[in-house]
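A.B. asks: Mind looking at a prediction? Sequence and model below.
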Amino acid sequence: MKRIQIIIFTLIGCLGFINTISAKDRLPADVLRQLNQYNVTWNTLSTTGSMESMPLGNGDLTANVWVEKGGDLMFYIGKSDTWSEATRLLKVGRVRISLSPNPFTEDTHYVQKLNLHKGEINISAGEKGNKVNLKIWIDANEPVVRVEATSDKNISIACTTELMRPKPFTLPSSDHPLASSFRGLMDSPVRPSESADVLMKKPDRIQWYHRNESSFFETILTKQNVSQLIGKYPDPYLHRTFGAAIKGNGMIPRNDSTLVSEKEGKQFTLSVYALTAQTPTINGWDEQLEAWISAIEKNKIDIARNNHYAWWDGFWDRSWIFLTGDADAEKVTRAYLLQRFMMACQSRGAYPVKFNGGNLTFDYKGQNGDYRTWGPGYWYQNCRLYYWPLAASGDYDLKMPWFDMYKNMLALQTDVTKIYYGHDGAFYPETLNFFGMYIQDDWGWNNPGKASQTRWIRYHYSGTLEMLSEMLDYYDYTRDEAFAREYIVPFATQVIRFFDQHWPRINHTINFIPANALEQFWDCLNPVDYIAGLKYTITKLNAMPEGFIDKPLLDEWNNCLQSLPPIPMTGDRKKILPAEEFGQPRNFENPECYVIFPFKLYGLERPDIDVAINTFNDRIFKQSNCWTQDVVQAPLLGLTDESKQYLMKNINSLEPDVRFPAFWKPGSDYIPDFDNGGAFAIGLQNMMLQNVDEKILVLPAFPESWNVDFKLHAFGNTTVRVVSKGTAVSKMDVLPASRKNDIVYKENIK
């Protein structure tokens with residue numbers, strides 16, 4: 001019942017929002033003119049299917065939209081909560097819309113435009129007098145995709161759902177071409193299976209669903225040696241049902257999969273209503289979907305569209321970065337805007353964005369939109385990078401599913417820690433399911449122990465310290481007291497307690513062994529990411545206002561802080577080391593640079609920046625794409641030339657056969673590679689503005705060859721707008737005005 005209640009609450013919340021939102025544009029006209037220059041426009045039809053698709057979304061529901069050459073309007077439908085019985089995150093479906101006469105011919109005049117400001121795709125085909133216009137948008141306030149068609153002449157229209165999974169599928173072996181998409185269950189002795197999608201017969205629509213009648217949840221608990229927790233936590237897979245209904249004005253079903261127009265006309269509107277719910281029977285899901293449709297249809301579409309536009313206008317008014325000066329500047333601007341747009345399309349759902357394609361996967365290298373390399377799990381190392389920049393952009397609502405996932409699994413991970421180790425606190429696996437626990441292939445299918453079988457992440461625990469750091473960062477921006485009490489304090493309590501109690505003390509100092517330094521070094525002594533993470537977060541917790549944290553709890557944390565070993569350094573104390581003792585490198589990470597980011601103990605306006613620069617310059621792995629951090633850390637050290645160089649490497653990380661200019665090519669992950677986009681977004685923001693305690697550093701790593709108009713958020717509910725040529729600032733607006741006293745210009749930064 002808990003999930004059902006959440007769904008109903010979300011719907012009611014959306015309906016209430018519609019009545020209060022203002023249709024008046026908030027985005028300044030000069031900013032809108034700049035934004036419109038970066039709308040994505042194509043003048044030719046797709047020749048390679050969804051590899052030439054454009055993204056849309058409302059935060060939960062997404063679409064990849066394309067028009068086939070000589071064919072039809074097509075789109076994949078994605079959603080944040082469509083977990084299958086085999087644990088995969090699947091597409092809701094694929095939709096084909098056919099017009100007759102067909103306007104999408106080889107010699108037709110064709111324009112397809114992604115309108116960023118309005119959050120819609122506009123398509124026109126044909127010459128005046130024979131033109132067809134399509135408007136595709138996903139309501140920012142309701143779970144519905146709209147396709148509005150207008151034509152100069154009468155046309156007929158047909159809409160077909162093409163089931164993604166028309167037959168049941170069982171993964172035959174771990175070397176099957178689809179196996180990586182099932183990662184977590186690849187080695188299961190019971191082969192993972194997914195049932196077929198089902199069409200439902202309806203008199204006024206087409207409708208389909210996928211329903212989980214089996215689950216691996218109890219298997220995961222049993223195989224990870226915590227079977228006593230079965231029954232305490234609800235099964236998140238069993239009876240999860242997801243699907244959609246399509247209705248159209250003046251349209252009737254031809255059969256169970258196709259809607260057709262009753263007669264020719266010049267205007268048609270198709271609406272795709274999607275729903276995920278866990279219900280005891282399919283009838284329960286069907287009834288909920290009917291309730292959603294009825295509620296949405298009570299609102300006039302013109303009002304809904306205006307409210308949709310108002311949401312997107314407010315979104316773009318939160319912040320912006322527009323660069324000029326050369327072709328690279330414009331390329332960076334486009335990349336940043338499109339990365340932010342894609343995050344807005346998929347970051348307000350029940351679960352966070354997946355690093356390996358998000359909800360915007362498409363047909364790629366022989367696999368369809370259900371496929372993603374590395375499967376359904378979440379890797380903290382990857383996901384963090386596209387959530388960090390959402391604070392400076394003011395997109396606080398987009399961060400909440402990320403925080404919620406970790407908050408919601410806290411009780412389970414606390415129980416698991418107690419069962420395994422007999423002490424308090426909570427550890428989180430580096431690779432985990434959306435409900436918690438290791439993905440099973442990483443734990444192992446015959447592992448009777450208390451640690452993962454894979455050494456890559458066996459003692460990789462510092463992700464929780466970075467999550468705590470990110471929560472503290474969110475509080476610094478928002479000063480949200482309720483968030484501090486409901487998220488930060490309970491999470492910090494269990495995370496710090498784990499580190500405080502899990503390892504022995506020698507002469508009152510915690511001896512962190514065995515331990516990982518990320519995935520880079522295995523079985524270390526006193527890795528720097530543990531020590532820096534605890535030092536940074538506990539120090540920040542000490543700085544929170546009185547009354548948030550009880551004194552006994554603060555004393556407990558400070559006892560841990562005082563028990564930490566020193567940050568490992570070279571004998572001459574000129575560089576940070578990955579750990580006090582470490583062996584051969586295993587991956588392509590630089591744990592020693594974690595003192596720069598995410599645990600900002602060193603950097604501009606902080607002590608001993610020469611140590612940080614020495615460490616950064618002497619790092620073993622120098623690269624910038626995917627989840628690597630060079631592009632993030634360089635501007636924090638004021639390294640302007642390097643920052644620009646690394647930025648361009650990330651932004652040029654594109655697949656030539658993929659058309660949309662921000663579907664980042666897979667580095668170590670899958671396409672679109674969202675950690676690649678997130679990393680350069682953090683780096684670009686760091687070039688514009690940095691927060692150091694109460695100081696606001698402006699243009700700390702900005703090239704003199706570029707010009708900028710930016711508005712970003714700073715700590716303490718502050719916004720800063722800067723217009724500059726190089727670092728010569730011609731305009732600065734700071735709200736509240738009292739924070740102008742905290743501005744530090746580049747020439748004064750130490």
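C.D. replies: Arrived safely. Numbers count the residues shown, from 1 in each chain.
A.B. asks: Could you use CA atoms for every contact and neighbour count after this?
C.D. replies: Fine.
A.B. asks: Can you give me the separation between residue 179 and residue 173?
C.D. replies: According to Cα to Cα, to the nearest Å, residue 179 stands 7 Å off from residue 173.
A.B. asks: Give the residues shared as contacts by those two.
C.D. replies: residue 186 (Cα atoms under 8 Å, 6 or more residues apart in numbering).
A.B. asks: out of those two, which sits in the more crowded spot?
C.D. replies: Using other Cα atoms under 10 Å, the more surrounded residue of residue 179 and residue 173 is residue 179, with 22 against 15.
A.B. asks: residues in contact with the residue nearest to the more buried one when sequence neighbours are not counted?
C.D. replies: Using Cα to Cα, 6 or more residues apart in numbering and skipping residues adjacent in sequence, the residue nearest residue 179 is residue 186, 6.0 Å away. Applying Cα under 8 Å, 6+ apart, we find residue 186 in contact with 171, 173-174, 179-180, 192, 441.
A.B. asks: Could you report the neighbour count for residue 44?
C.D. replies: Residue 44, neighbours per other Cα under 10 Å, totals 17.
A.B. asks: if I've got this straight, residue 158 is in a strand?
C.D. replies: Yes: per DSSP: H, G, I helix; E, B strand; the rest coil, residue 158 lies within a strand segment.
A.B. asks: so it touches residue 97, yeah?
C.D. replies: Yes: assessed by Cα atoms under 8 Å, residue 158 is found in contact with residue 97 at 5.7 Å.
A.B. asks: which ones are touching the closest residue to residue 58 other than its chain neighbours?
C.D. replies: Nearest residue to residue 58 in three dimensions, chain neighbours excluded: residue 140, at 4.5 Å (Cα to Cα, 6+ apart). Residues in contact with residue 140, defined by Cα under 8 Å, 6+ apart, are 57-59, 307-308, 311-312.
A.B. asks: among the residues you listed, which are in helices?
C.D. replies: When DSSP state H is applied, the contacts of residue 140 are split such that 307-308, 311-312 fall in helices.
A.B. asks: so can I have JSON lines of those showing neighbour count?
C.D. replies: Converted to JSON lines, those look like this (neighbours: other Cα atoms under 10 Å):
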{"residue": "307", "neighbour count": "23"}
{"residue": "308", "neighbour count": "24"}
{"residue": "311", "neighbour count": "24"}
{"residue": "312", "neighbour count": "22"}
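A.B. asks: Tell me which residues touch the closest residue to residue 369 other than its chain neighbours, please.
C.D. replies: Distances taken as Cα to Cα, 6+ apart place residue 362 nearest to residue 369, at 4.1 Å, with adjacent residues excluded. Shown in contact with residue 362 (Cα under 8 Å, 6+ apart): 50-51, 64, 76, 368-370.
A.B. asks: what's the most distant pair in those?
C.D. replies: 51 and 370 (13.8 Å; Cα to Cα).
A.B. asks: Pull out the buried members of the contacts of residue 186.
C.D. replies: Buried members of the contacts of residue 186, counted by 16 or more other Cα atoms under 10 Å: 171, 174, 179-180, 192, 441.
A.B. asks: so how far is residue 46 from the residue nearest to residue 58?
C.D. replies: 27 Å.
A.B. asks: ditto for residue 323
C.D. replies: Residue 323 is 30 Å from residue 46, by Cα to Cα.
A.B. asks: Next: residue 543.
C.D. replies: Counting by Cα to Cα, the gap from residue 543 to residue 46 is 55 Å.
A.B. asks: ok, these two, which is more surrounded?
C.D. replies: Per other Cα under 10 Å, whichever of residue 543 and residue 46 has more neighbours is residue 46, with 18 against 9.
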